[in-house]
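In: Just a sequence and a predicted model for now, questions to come.
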Amino acid sequence: MRLNISGPVLRRTSLVLAAGAALVSLQARGADDEKTQAEGIIFERQQVMMQLGKDADALGKIAAGQVPPDRLAATTKAIADGARDSVEAFKQQVPGGHAKPEVWSNYADFTARMEKFAASADAMAKEGQTGNLGAVMGVMVEALPCKECHDLYREKKKS
Amino acid sequence: MKRRFPMLTIFTLAGGLLTAPVLAGAADQVRTRVAGFRQLGAAYKAVADGLRSNDLARVRAASGQIGGASRTIYSWFPRGSGPRPGVKTAARAEIWSRAGDFRTAADAFTRQAQAFQRVAAGGDLNAIKAESRKLGATCKGCHDNFRVASD
């Protein structure tokens, strides 16, 4: 069979095909960009949580007397800032990383816990600014409900 | 009966003396790498903090630090500075066993660090945020594949 395609038809067909290819390419690039942005958001929140872990460890060492308490104010403030940052970091609901799917399916509960954490950490930072280690230790457990939340909403560590 | 113990002890001590400088060298290389990544991490945090508080000057300064570090990152992974007994490091052996893939990941980071620095020099906050996320994605790409999970 011989196809008899005239010049204008061929040109039109070529244009349609080229436009289609460009659209597919744009869509693919859009999907790539979206994935990259999502990975970036996950990385941001991982960094926030990792820093929080380091600051909580530092406070633990101060409380245990392994480190002098002169860093008490700075450390409690860093935890309060980190807690606030973590609330912000999860506002963009991007699944992935170590966050369990329950973070998004129970988002109201998760957010309420995070907000409570941020408020308690703020209160602890206020005590920390006075340099009163005893007062900080009195509110520390409430201000650092890390395990409670991790048990519910973070993937288990790989052994 | 012949006493072999002293000879064994001599060999062990000699072996220890010979490997000690190698381990010390590797430990120094790891220290250099850790110090470099700590600075990089602090600069990345400064970017995130600066973007949250709309402090563009802070973001620009940190983007310069990241851009600078991205050019030196290649020298932070000399052969022999990987995981081995006596050397504590979060670097995975795949960095050296899959050197081509690691190089590709490092190149992606370097390219994006330069792109981020260029965009951060401007004033378009949304573009800066988007580029900072692309930068984070290149960090994550490397961490996921070539770094021991920290948590």
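Out: Noted; the coordinates are in hand.
In: so residue B:147 bridges to which residues?
Out: Residue B:147 has these beta-bridge partners by DSSP bridges: residue B:91.
In: Around it, how many other residues sit close by?
Out: 17 (other C-beta atoms under 10 Å in any protein chain shown). From N, CA and C alone the C-beta is placed, and that goes for glycine too.
In: Distance of the residue nearest to residue A:44 when sequence neighbours are not counted relative to residue A:39?
Out: Residue nearest to residue A:44 in three dimensions, not counting chain neighbours: residue B:136, with 5.5 Å by C-beta to C-beta, 6 or more residues apart in numbering or on different chains. Taking C-beta to C-beta, to the nearest Å as the measure, residue B:136 falls 7 Å from residue A:39.
In: Between those two, point out the one with more neighbours.
Out: More crowded of residue B:136 and residue A:39, by other C-beta under 10 Å: residue B:136, with 26 against 22.
In: Near chain B, which residues of chain A are found?
Out: By the rule C-beta under 8 Å from any C-beta of the partner chain, the part of chain A lying against chain B is A:36-37, A:39-44, A:46-51, A:53, A:85, A:88, A:98, A:157-158.
In: pLDDT score for the nearest residue to residue A:133 once chain neighbours are set aside?
Out: If you skip the residues right next to it in sequence, residue A:133 has residue A:69 as its closest partner in space, 5.0 Å away by C-beta to C-beta, 6+ apart. Taken from the predicted model, the pLDDT recorded for residue A:69 is 92.
In: Going by residue numbers, what spans are helices in the chain?
Out: By default, I'm working from chain A. In order along the chain, chain A carries the following helices (DSSP state H): A:7-63, A:72-89, A:102-105, A:107-129, A:133-143, A:146-153.
In: Actually, chain B is the one I wanted.
Out: For chain B, helices defined by DSSP H occupy the ranges B:5-52, B:56-72, B:94-97, B:99-120, B:125-146.
In: Select only the buried ones of the residues of chain A next to chain B in ChimeraX?
Out: ChimeraX command restricting the residues of chain A next to chain B to the buried ones, with burial defined by 16 or more other C-beta atoms under 10 Å in any protein chain shown:
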select /A:36,37,39,40,41,42,43,44,46,47,48,49,51,85,98
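In: Low-confidence ranges, chain B, go.
Out: The model of chain B has pLDDT under 70 over residues B:1-24, B:151.
In: Residues of it that sit close to chain A?
Out: For chain B, the residues in contact with chain A under the definition C-beta under 8 Å from any C-beta are B:41, B:44-45, B:48-49, B:52, B:130, B:132-137, B:139-141, B:143, B:149-151.
In: out of the residues you listed, which are buried?
Out: B:44-45, B:48, B:130, B:132-137, B:139-141, B:143.
In: Out of the residues you listed, which is nearest to chain A?
Out: Chain A lies nearest to residue B:133 out of those, by C-beta to the nearest C-beta, at 2.7 Å.
In: farthest pair in the buried ones among the residues of chain B next to chain A?
Out: Checking these against each other with C-beta to C-beta, the farthest-apart pair comes out as B:130 and B:143, at 20.3 Å.
In: For the helices of chain B, state which one has the densest average packing.
Out: Burial among those, expressed as mean neighbours by mean count of other C-beta atoms under 10 Å in any protein chain shown, is greatest for helix B:125-146, which shows a mean of 19.
In: if we can go back for a sec, how about the helices of chain A in TSV, adding mean pLDDT?
Out: Conversion of those to TSV gives the following (pLDDT from 0 to 100):
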stretch	mean pLDDT
helix A:7-63	84
helix A:72-89	96
helix A:102-105	97
helix A:107-129	97
helix A:133-143	93
helix A:146-153	94
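In: For the residue of chain A at minimum distance from chain B, list the residues it contacts.
Out: Per C-beta to the nearest C-beta, the residue of chain A with the smallest distance to chain B is residue A:40, at 2.7 Å. Taking C-beta atoms under 8 Å, 6 or more residues apart in numbering or on different chains, we find residue A:40 in contact with B:132, B:133, B:134, B:135, B:136, B:137, B:140.
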